[in-house]
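In: 3D, please:
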Amino acid sequence: MTSPSPSSNAAASRTGGQILVQQLITHGVKQLFCVPGESYLAVLDALHGASIAVTVCRQEGGAAMMAEAQGKLTGRPGICFVTRGPGATNASAGVHIAHQDSTPMILFVGQVARGALGREAFQELDYGAVFGTMAKWVVEIDDPARVPELISRAFHVATSGRPGPVVVALPEDMLTEAATVADALPYQVTETHPGTAQMSELAERLSVAKQPVAILGGSRWSEQAVREFTAFAEAWSLPVYCSFRRQMLFPATHACYGGDLGLGVNPKLLARIRSSDLVLVLGGRLSEVPSQGYELFAIPNPVQPLVHVHADADELGRLYRPAQAIHATPQAFTAALASVRPTAAVSWAAHAEAAHAEYLAWSDTAPIRIPGDLQMGQVMQHLKEVLPADTIFCNGAGNFATWIHRFWPFTTYASQLAPTSGSMGYGLPAGVGGKRLWPEREVVIFAGDGDFLMHGQEFATAVQYGLPIIVVLLDNAMYGTIRMHQEREYPGRISATALKNPDFKAYAQAFGGHGERVTSTEEFAPALARARASGLPSVLHCLIDPEAITPTGTLQGLRNAALAKK
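Out: Just a heads-up that it's a prediction; the model follows:
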């Protein structure tokens with residue numbers, strides 16, 4: 001196969017900004033998100049008339065989260081541009097999400113002129129110091145002739161091994177300086193494949209297991225990889241669990257699905273994993289939430305034999321000593337699973353059936369009753385009845401997210417946008433990023449009242465670009481998750497968790513969107529129908545009884561339980 005030739009631009013003198021934009025085009029960038037700044041005006045000028053769609057955002061954190069969301073959905077680096085200093089620090093929340101979620105992303109940040117570096121000039125930052133612990137690589141480009149080289153490396157670093165964010169600093173005078181340099185070749189993602197002997201060993205381990213389970217997580221998946229693993233699980237009748245906020249990696253309707261390892265997890269799920277005699281972990285790191293505070297598996301030697309498959313060799317054995325370590329990407333590993341088939345009928349089909357039955361009972365909305373006139377169990381049932389299976393569900397952080405994670409059956413790859421980092425305010429910008437990427441898909445954002453206003457200004461971005469997203473905003477007039485913990489630890493001593501909220505229906509309408517106020521179960525279905533028919537970004541302002549702190553618990557119940565222990 002003949003490699004593509006470098007661009008004929010090698011003989012042309014271009015500014016650093018022009019060279020940079022051409023590298024983005026070369027590496028397949030179709031969209032980027034930004035908040036404009038004077039520190040990278042030369043890039044903005046080079047983008048004028050370019051084949052890259054630019055989404056102008058209202059705050060750098062939102063812009064970075066939109067880019068991260070696209071990286072999560074596609075596996076290609078999401079691209080974000082922000083100005084120096086405050087712009088960069090605002091964007092850091094999105095960088096942290098990309099780091100903990102293993103998402104490929106490149107953040108371009110403006111920098112002061114090279115001659116002023118080190119003088120604490122206006123808005124100057126040492127980007128290596130600021131981002132060094134949350135980015136895979138931080139680089140400052142001080143020569144326009146090196147732009148193709150370093151941008152190519154940024155794409156390779158962001159997508160290799162365990163994907164993550166890269167931060168590229170751009171001194172403003174470098175962007176206006178001219179250079180004559182060839183464009184880089186398009187980046188290619190390298191897949192790490194398992195060996196034949198490793199797959200044979202895995203087959204042997206499975207053949208002698210009595211109660212094996214699989215846990216799926218991480219990134220570097222694809223729709224095909226999900227299909228291939230689903231076929232593998234079906235052939236072996238293998239119970240499958242998804243890691244925290246990675247439920248799109250296995251169809252919830254499949255007979256082998258047992259639920260997710262998130263917050264407030266099904267106790268029967270945990271018991272089944274603890275009693276297993278083989279745990280196949282594919283793609284994930286078994287970090288704090290899926291490992292239930294690092295207590296589900298002993299560190300460093302798990303009680304259960306662990307087969308750990310990960311794209312980054314540094315993750316294998318980092319916390320848990322596996323019985324078998326396989327250095328491979330999920331896509332390469334699932335392709336190799338075609339050779340791992342049971343030679344005889346496996347004896348644990350009933351194991352998978354029981355796991356799925358436990359999931360179905362846990363996710364059943366029928367018995368769920370909460371205080372107040374708006375019953376969220378019935379709301380979730382209605383959503384299941386009317387929304388397409390490939391609807392992209394987005395959320396930030398808060399107790400409200402439990403309604404999605406527990407009661408929405410994810411069946412389609414690339415249909416979930418949620419931060420494993422627990423970052424508030426993520427849902428709305430993530431929804432904008434998802435809708436900009438795939439405008440034909442329905443996008444529904446679940447948000448709490450405190451969560452929504454972290455990046456509520458990005459509703460204006462949805463209006464500006466005509467993105468008919470739907471925000472289901474659950475308002476209980478408090479930072480609910482913190483209040484929940486407060487009642488457990490300091491019952492009755494309410495401090496710094498109460499909120500006085502605006503009229504979110506009027507908020508949506510003021511931006512030029514569609515707004516509805518929902519106070520009862522009966523009002524939700526017609527309000528949703530009107531929102532979907534409006535063709536506008538919409539907010540359904542749902543008033544939740546403050547006592548309904550979780551699907552099965554109340555504030556008073558938490559307080560009473562805590563006081564009883566005093």
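In: Look up how far Asp449 lies from the nearest residue to Gly264 once chain neighbours are set aside.
Out: The shortest distance from Gly264 to any non-neighbouring residue, by C-beta to C-beta, 6 or more residues apart in numbering, is to Thr402 (6.1 Å). Where C-beta positions appear, they are placed from N, C-alpha and C, glycine not excepted. Distance of Thr402 to Asp449, computed by C-beta to C-beta, to the nearest Å: 16 Å.
In: quick one, which of these two is more surrounded?
Out: Counted by other C-beta atoms under 10 Å, Thr402 and Asp449 do not tie: Asp449 has more neighbours, with 26 against 19.
In: Do I have it right that that one meets Leu473?
Out: Yes - between Asp449 and Leu473 a contact is recorded at 6.7 Å, counting by C-beta atoms under 8 Å.
In: Overlap in contacts, these two.
Out: Phe504 (C-beta atoms under 8 Å, 6 or more residues apart in numbering).
In: Now do the closest residue to Ser421 other than its chain neighbours, the pLDDT please.
Out: Distance criterion C-beta to C-beta, 6+ apart; nearest residue to Ser421, sequence neighbours excluded, is Gln100 at 3.9 Å. We have a pLDDT of 97 for Gln100.
In: same question for the host helix or strand of the residue nearest to Gly264, mean pLDDT?
Out: Using DSSP states H and E, the element containing Thr402 is helix 402-407. Helix 402-407 carries an average pLDDT of 96.
In: now for it, which elements pack on it?
Out: Packed against helix 402-407, as judged by 3 or more C-beta pairs under 8 Å, 6 or more residues apart in numbering; DSSP states H and E, are the following elements: helix 376-386.
In: If you count contacts, what does the helix it packs on end up packed against?
Out: With contacts defined as 3+ C-beta pairs under 8 Å, 6+ apart, helix 376-386 has these neighbours: helix 402-407, helix 521-534.
In: so which of those helices gets nearest Gln324?
Out: Evaluated over the helices and strands packed on helix 376-386, closeness to Gln324 peaks at helix 402-407, with 30.1 Å, by C-beta to C-beta.
In: Report the next helix or strand after that closest one in sequence order.
Out: Criterion used, DSSP H and E; the element after helix 402-407 is strand 416-417.
In: what separates that next one from the chain centre, distance-wise?
Out: With C-alpha atoms, centre = their mean, to the nearest Å as the basis, strand 416-417 stands 6 Å off its chain's centre.
In: Show residues contacting that strand.
Out: Outside strand 416-417, the residues touching it (C-beta under 8 Å, 6+ apart) are 69, 72-73, 245-248, 392-395, 410, 426-427, 430-431, 433-434.
In: how much space between the residue nearest to Ser421 and Thr133?
Out: 12 Å.
In: With Val189 instead?
Out: To Thr133, Val189 is 25 Å away according to C-beta to C-beta.
In: Neighbour count: those two, which is higher?
Out: Set Val189 next to Thr133 and count neighbours by other C-beta under 10 Å: Val189 wins out with 16 against 8.
In: show me what contacts that one?
Out: The neighbours of Val189, taking C-beta under 8 Å, 6+ apart as the test, are 75, 159-160.
In: is it fair to say it lies in a helix?
Out: No - counting by DSSP: H, G, I helix; E, B strand; the rest coil, Val189 falls outside a helix, being coil.
In: that older thread, among the contacts of strand 416-417, name the ones in strands.
Out: Among the contacts of strand 416-417, the members falling in strands (DSSP state E) are 392-395.
In: Among these, which one sits closest to Gly110?
Out: Nearest member of the ones in strands among the contacts of strand 416-417 to Gly110, counting by C-beta to C-beta, is Cys394, at 28.7 Å.
In: Please name the nearest non-neighbouring residue to Met174.
Out: Nearest residue to Met174, sequence neighbours excluded (C-beta to C-beta, 6+ apart): Gly16, at 4.9 Å.
In: and the gap between the one you found and Leu107?
Out: 17 Å.
In: Could you double-check that the residue nearest to Ser421 sits in contact with Tyr426?
Out: No - applying C-beta under 8 Å, one finds Gln100 not in contact with Tyr426, separated by 11.7 Å.
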